[in-house]
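mind looking at a prediction? Sequence and model below.
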Amino acid sequence: MHRFKGKWIASGLMLGWLYGVASMGAAAEPESAPVSTSLPSESSLRHEWVAVDDSTLGEMRGGFDIAPGLKVSFGIERLVNLNGVLQTATRIEVPDAGKLIQSQPISAGTTLPPNASAAASTAASAAAQSIPVNLGGGATALVQNGVGNVAVPGPLPPDSAATFIQNSASHQTIQSMTVINATTNSLELLKGANLQSTLVDALTQSAATR
């Protein structure tokens, strides 16, 4: 009977020793804290934002610029040469095509070289005569070369910018050129709008209808 009790006592001592060793190993290992993988929400960050006072902002440089958008300006110039000599030059300038309204100022005028008639008469025959004159409000020009040219001035619109050429002499070289200068603040938008081909098509159709 005592022998049976000794076996139970030995078994109990063995279990107690194993439990103590297991407890010491568990105590030696540090407990790992749970790691949170979630990011802080925007609402929680807003509570930490602090507004800067006006005095601090006044000592700092910063700001932003709101672009006015696409701005395109046109300059149209029409030149008439007679035998290589400039006779008249008509210029029309549109500062901003996006705001092209009736109240916007559009500069238009015709420039007549002072020695155009004399130079053209020297290059032409003795009977030929070149007379560039202004018609209307200064933006419409009349170029007459030779003799027997008759022009009866009539009422013209104040915003007309036409150029009339009359020639009665032979073997004359008359050149009429139209130059369009376009500037913009955004080259990429201008390329996207395909402005060059649009202007070429408009000029081609305008010349074909005359």
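Arrived safely, thanks for sending.

any low-confidence regions in this protein?
Applying pLDDT under 70 to the chain flags the ranges 1-47, 60-70, 97-139, 154-161, 187-193, 195-196, 203-210.

mind doing that once more with 90?
Applying pLDDT under 90 to the chain flags the ranges 1-80, 85-168, 176-210.

which SS class is residue 201?
Taking DSSP: H, G, I helix; E, B strand; the rest coil as the rule, one finds residue 201 in the helix state.

tell me how many other residues surround the closest residue to residue 95 other than its chain neighbours.
For residue 95, ignoring the flanking residues on the chain, the nearest one in space by C-beta to C-beta, 6 or more residues apart in numbering is residue 73 at 5.4 Å. C-beta: built from backbone N, CA, C; applies to glycine. If you count neighbours by other C-beta atoms under 10 Å, residue 73 ends up with 15.

quick one: residue 73 is in a helix?
No - under three-state DSSP, residue 73 falls outside any helix and is assigned strand.

contacting residues around it?
Contacts of residue 73 were listed using C-beta atoms under 8 Å, 6 or more residues apart in numbering, and they are 93, 94, 95, 96, 97, 182, 183, 184.

narrow those to those in helices?
Mapping the contacts of residue 73 onto helices (DSSP state H) picks out no residues; all lie outside.

strands - which of these land there?
Secondary structure defined by DSSP state E assigns 93, 94, 182, 183, 184 of the contacts of residue 73 to strands.

nearest spatial neighbour of residue 167, chain-adjacent residues omitted?
Closest residue to residue 167 apart from its sequence neighbours, by C-beta to C-beta, 6+ apart: residue 145 at 4.5 Å.

just the buried residues of the contacts of residue 73.
For the contacts of residue 73, a burial check counting by 16 or more other C-beta atoms under 10 Å picks out 94, 184.

re the thing from before, and which of the ones in strands among the contacts of residue 73 is nearest to residue 49?
Lowest distance from residue 49 to the ones in strands among the contacts of residue 73 (C-beta to C-beta) belongs to residue 184, with 40.8 Å.

bridged to the closest one, which residues?
Residue 184 has these beta-bridge partners by DSSP bridges: residue 72.

quick check: it touching residue 71?
Yes - counting by C-beta atoms under 8 Å, residue 71 is a contact partner of residue 184 at 6.4 Å.
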